[in-house]
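1. got a predicted structure plus its sequence, pasted below:
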Amino acid sequence: MVKPWLVAGRDDAAIATIRRNVDALRDVLGRLGWVLVVERDLVRLRKTPPARRHAHTALGPNPQTCQWFFLLVAAAESMGRKVALGAIVTQARSAAVEAGVTATNDIAERRAIVAALKMLAERGILEQLDGDVEGYVRDDNPPVLLAIHHTRLLHVIANYSPEHDPAAAPAAWLDAVEREPDAPRRMRRRLVDDTLVHAADLDDAEADWLRRRVRGDDGGPLAEAFGLHIERRNEGVAFVVPECAYRHPWELGPLPFPASGTVAHAALLVCNWAATAGETPADVPAGWRSLTADAVGVKLAELAAQQQSGSGGWSRDLAADPTGRLRGDVAAFLSGLDLLRVCDERWLFSPAIARWPSPKPKKPQARTRASTAAQPALEFGEADDPDLA
């Protein structure tokens, strides 16, 4: 789930585990409409696109990186097994001209190309044999040798809809790819894919499934198959990983929370403040808290002034720009978790922000090994299930 691409030579232990349990895995994943591809040197989980497009793109690659990712894919298809980095980028630039994409060759574009090369390497499509792709930021033809795994190019696009041309009508094409008419399957996917599912987001069919089947014949067995617990509240539901199932927060995926780091710490403090200081206007769902972006900026400036910066504290660069870069990073972080939705200049905080207690202030002290223990969970909202009352 965390790594939908597993490649031989790098993920051998995980691939061996999947091969031993492939039938059971395919049965469970089939209930979500997902396909598990198992080949000689590759395991690829072909998932459907997430329903919350805005949240999943908040911390994803920027548009320029995505653009160069696919231009490099187009270039790689026609090249040999081994290729110099400069050669594949030159071919990608030719593909950009054919596609009508303007290339600037500035530092931002070069960094986007490097990021796209790393994305291809993470998927096992490109393999770095010699040199360092970072060299392209400074040099058009750095001494870098790459290997292309052409058969893996077939798995780059996990979902495709022939109903629309993605170049001529991208929005309609995305809508067609994301469309899932079966409400129970939509709910199963969201519970596995999302941090939590908010009751306010559901249509009538989804709300009916949540009332009748989340703990019964559908949601319960699915949670058990993934080793998860169901946490149900008036405001929504979540599949929760039990503390005994992991040792380190990074095992939970790309966005563990609460977590260490300036942005994650600032996000936790802002959530705790918003839970009490946020307004509850009539035009937002019950339990959600509303604050202005300016108010959040003022609070982050106040928090930055209270924090120790530098070694063992907050990043000096972020603390020096609380209403700009830090606020933007906090917004992206919380949006990726679907704990925040930014509407123009208004920040709407999920009821789930009350689930975590405020961290106790710490006195400046010598740097020690950080604890990886997760903070205890608090219930958000009132329980509507008898066993949670």
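-> Thanks, I have it.
2. please enumerate the strands of the stretch 201-350 of the chain.
-> For the stretch 201-350 of the chain, strands defined by DSSP state E, counting those that start in this stretch occupy the ranges 229-233, 236-240, 289-292, 340-343, 346-349.
3. of all those, which lies closest to Asp204?
-> strand 236-240 (16.0 Å; C-beta to C-beta). Quick note: C-beta positions are derived from backbone N, CA and C, even for glycine.
4. okay, the strands of the stretch 201-350 of the chain in TSV with mean pLDDT next?
-> Shown next, in TSV, are those (pLDDT from 0 to 100):
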stretch	mean pLDDT
strand 229-233	91
strand 236-240	91
strand 289-292	96
strand 340-343	92
strand 346-349	96
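5. nearest to Val28, of those strands?
-> So among these, strand 236-240 is nearest, using C-beta to C-beta, at 13.0 Å.
6. partner strands of that closest one, with direction?
-> Strand 236-240 sits in its sheet next to strand 197-198 (antiparallel), strand 229-233 (antiparallel), going by DSSP bridges.
7. winner for burial among those strands?
-> Comparing those by mean neighbour count (mean count of other C-beta atoms under 10 Å), strand 197-198 ranks first with a mean of 22.
8. average model confidence for that strand?
-> Strand 197-198 comes out with an average pLDDT of 94.
9. now do that strand: everything it contacts.
-> Met187, Arg190, Leu191, Leu210, Glu235, Gly236, Val237, Ala238, Pro285, Asp338, Ser350, Pro351 (C-beta atoms under 8 Å, 6 or more residues apart in numbering).
10. as a markdown table, the strands of the stretch 201-350 of the chain with distance to Ser94 would be great.
-> Below are the strands of the stretch 201-350 of the chain laid out as a markdown table (distance: least, C-beta to C-beta, whole Å):
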| stretch | distance to Ser94 |
| --- | --- |
| strand 229-233 | 52 |
| strand 236-240 | 46 |
| strand 289-292 | 48 |
| strand 340-343 | 39 |
| strand 346-349 | 44 |
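11. Gly30: which of those is closest?
-> strand 236-240 (17.9 Å).
12. now the closest one - C-alpha only, PDB.
-> Output of strand 236-240 as PDB, limited to C-alpha atoms (Å, rounded to 0.1, in the frame of the first residue of the first chain):
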ATOM      1  CA  GLY A 236     -17.100  10.200  10.300                       C
ATOM      2  CA  VAL A 237     -15.100   7.000  10.400                       C
ATOM      3  CA  ALA A 238     -11.500   5.800  10.000                       C
ATOM      4  CA  PHE A 239      -9.500   2.600   9.700                       C
ATOM      5  CA  VAL A 240      -6.800   3.000  12.400                       C
END
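13. can you redo the strands paired with strand 236-240 as JSON lines with distance to Arg20?
-> Listed next are the strands paired with strand 236-240 as JSON lines, based on distance: least, C-beta to C-beta, whole Å:
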{"stretch": "strand 197-198", "distance to Arg20": "32"}
{"stretch": "strand 229-233", "distance to Arg20": "25"}
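14. out of those, flag the one nearest Arg19.
-> Checking the strands paired with strand 236-240 against Arg19 by C-beta to C-beta gives strand 229-233 as the closest, at 28.0 Å.
15. mind checking how far that closest one is from the chain centre?
-> Distance of strand 229-233 from its chain centroid, counting by C-alpha atoms, centre = their mean, to the nearest Å, is 21 Å.
16. returning to what we had before: now, of the contacts of strand 197-198, which are buried?
-> Buried members of those, scored by 16 or more other C-beta atoms under 10 Å, are Met187, Arg190, Leu191, Leu210, Glu235, Gly236, Val237, Ala238, Asp338, Ser350, Pro351.
17. check what pLDDT the fifth one gets.
-> The reference is to Glu235. Looking at Glu235, its pLDDT stands at 92.
18. mind listing what the residue lying closest to it once chain neighbours are set aside touches?
-> The shortest distance from Glu235 to any non-neighbouring residue, by C-beta to C-beta, 6 or more residues apart in numbering, is to Pro351 (4.1 Å). Residues near Pro351 by C-beta under 8 Å, 6+ apart: His198, Arg233, Glu235, Gly236, Ala286, Gly287, Trp288, Arg289, Phe380, Gly381.
19. Pro351 and Asp204, how far apart?
-> Separation of Pro351 from Asp204 (C-beta to C-beta, to the nearest Å): 21 Å.
20. kindly export the helix or strand where Leu129 lies (C-alpha atoms) in CSV.
-> For Leu129, the enclosing helix or strand under DSSP states H and E is strand 126-130. Output of strand 126-130 as CSV, limited to C-alpha atoms (Å, rounded to 0.1, in the frame of the first residue of the first chain):
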residue,chain,number,x,y,z
LEU,A,126,15.3,3.9,-14.6
GLU,A,127,18.3,2.5,-12.8
GLN,A,128,21.3,4.6,-12.1
LEU,A,129,24.4,2.6,-13.0
ASP,A,130,27.0,5.3,-12.6
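21. okay, the buried ones among the contacts of strand 197-198 in CSV with distance to Leu326 next?
-> Output for the buried ones among the contacts of strand 197-198, formatted as CSV (distance: C-beta to C-beta, whole Å):
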residue, distance to Leu326
Met187, 36
Arg190, 30
Leu191, 32
Leu210, 36
Glu235, 28
Gly236, 28
Val237, 32
Ala238, 27
Asp338, 20
Ser350, 20
Pro351, 24
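22. quick check: the farthest pair among these?
-> Using C-beta to C-beta, the buried ones among the contacts of strand 197-198 reach their maximum pairwise distance at Met187 and Pro351, which is 18.7 Å.
23. checking my notes, Val192 in a strand, right?
-> No: counting by DSSP: H, G, I helix; E, B strand; the rest coil, Val192 is not found in a strand; it is helix.
24. I'd say it and Leu222 touch.
-> Yes: with contact defined as C-beta atoms under 8 Å, Val192 reaches Leu222; the gap is 7.3 Å.
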